[in-house]
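1. Fold the following, please.
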Amino acid sequence: MGQNPMDLQEHLAERLQAGLPLTERPFGDIAVELGCDEATVLCLTEQMIREGLIRSLGAFVDFERLGYEGLLCGLVVPAERIEEVTGALCDRREVTHAYLRGHEANLWCTALLKGERARFMEVLRGLRCPFVALRTEMRLKLRPTFRFSEREGDDEEFSVNLGTPGGPTSLSLAEVAEVCSEEDVAVLAALQRLPVVSRPFDGPTLERLRCLKRRGVLRRVGASLDHRRVGYGANALVAWDVGEGGRYGREKGERAARFSWVSHCYLREVLAGTLPFAWPWTLFTMLHARTEATLVTRVGEMKEVLACPAVVLPTVRELKKTRYVF
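-> Residues are numbered from 1 along each chain as shown. The predicted structure follows:
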C-alpha cells in the first residue's frame, strides 16, 4: 500500500469501526484489505486502545431486541448540585451515558432498563430536580462512525439504511424482542471486550455470532472511537417538535437520519416529567462537527429541510460514556 504509519493507523481505526469480519482470523483479513501484515494490525490496534483513541473494542448488541427499554432523561440541576446529582446518576449501572448540556435542562443521561422502569423513575424523583423522561418509540439511526477527514461520498455511505438487520435500522418497540438462550447472552457478554489476538473466536462462538448477526441481535463486533481524538470538537443533541410521532414523525425522522453528520436519530415519547416548562420535542438527533461554525451551519441546513421547531442542546462536558454490562 505504501502508506505511512499514521495513514495506516487512521485507515485501520475507520475500518475497525465498521466491524470485524466474522471469520477465524479477522485481524488478518483486515490486514489483507489494508495491504499490510496481521502483526502490524494487532500491534496498531493494541496501541490505539492504550492511547485511548479506541474507547472500546468488542461486541455491540441491540439491547432493544433483547427486551431492554431505553430512556433519555433531562434534568434541571442547580449549579451547586451538579456534582452531587451527577455522582448519584453515574454510579448506577443502568446509566450508560451522561452529559452536561447548554440548556436550562442541563443534565442529560441515557439508561437501559429491563423491567426496572418504576424503580428508575423513583430514583429520578429522589434527586429532587425537575426532569423529563422519554422512552424510545422508534430508532431510526444508530451509527456513530467517525472519519479523520471528510470526503466526497460520505453522505451516501453514512446515510440511514432502513430495514437492514444488524445495520443502522429502523426499530419500533412494538416489535417482539428476540428470544435468546443463556448461551447466546453469555457469548455476547464475554465478547464485550474482545481480545486482540490472531484468533479471537473459536468455531462454535463464530457460528453463534453469525447467527446473532443475521437476526439483528448483534450489531457488530468492532471499535468505538473517541470522536474528540478524531477531530470532532463540536457536538450537540438537537431535538425537534414533530408532534406525537406517527407517520409524520417517522417521515421527519427518516429525513433527519439521512444527514451524514447525524450519528443517532430516535423518535421518543414523553413518559413522565416535572419540568416547569413544556417539552414538545420528540425527535432527537445527535450532530457532530469539527468546529462550532460548521455545527451551526449543519443545524441550519436541517432546519430548512425538516421545517419544524427545534431546540439545540450543545455538549458542555461528558460525564459518563460507557457500554452496558450484562
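2. Buried residues of stretch 97-104, list them for me.
-> 97-101, 103 (16 or more other Cβ atoms under 10 Å). Any C-beta I mention is one placed from the backbone N, CA and C, and that applies to glycine too.
3. nope, stretch 250-268 is what I meant
-> Under 16+ other Cβ under 10 Å, the buried positions of stretch 250-268 are 250, 252-253, 255-268.
4. Check stretch 67-87 too.
-> For stretch 67-87, using 16+ other Cβ under 10 Å, the buried residues are 68-77, 85-86.
5. From one end of it to the other, what's the distance?
-> 27 Å (Cα to Cα, to the nearest Å).
6. same check, this time on stretch 138-147
-> 27 Å.
7. So what's the gap between that stretch and the chain middle?
-> 6 Å (Cα atoms, centre = their mean, to the nearest Å).
8. try stretch 24-40
-> 27 Å.
9. Tell me the spacing between the residue lying closest to residue 102 once chain neighbours are set aside and residue 111.
-> For residue 102, ignoring the flanking residues on the chain, the nearest one in space by Cβ to Cβ, 6 or more residues apart in numbering is residue 314 at 4.4 Å. The gap separating residue 314 from residue 111 is 22 Å, by Cβ to Cβ, to the nearest Å.
10. In terms of neighbours, single out the busier of those two.
-> Applying other Cβ atoms under 10 Å to residue 314 and residue 111 shows that residue 111 carries more neighbours, namely 25 against 19.
11. mind saving the C-alpha coords of the helix or strand harbouring the more buried one as PDB?
-> In the assignment (DSSP states H and E), residue 111 maps to strand 107-113. Provided in PDB are the C-alpha atoms of strand 107-113 (Å, rounded to 0.1, in the frame of the first residue of the first chain):
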ATOM      1  CA  LEU A 107     -28.000  17.300  32.700                       C
ATOM      2  CA  TRP A 108     -28.900  14.500  30.300                       C
ATOM      3  CA  CYS A 109     -28.500  10.800  30.700                       C
ATOM      4  CA  THR A 110     -29.500   7.600  29.000                       C
ATOM      5  CA  ALA A 111     -30.500   4.400  30.800                       C
ATOM      6  CA  LEU A 112     -31.100   0.800  29.700                       C
ATOM      7  CA  LEU A 113     -33.800  -0.900  31.700                       C
END
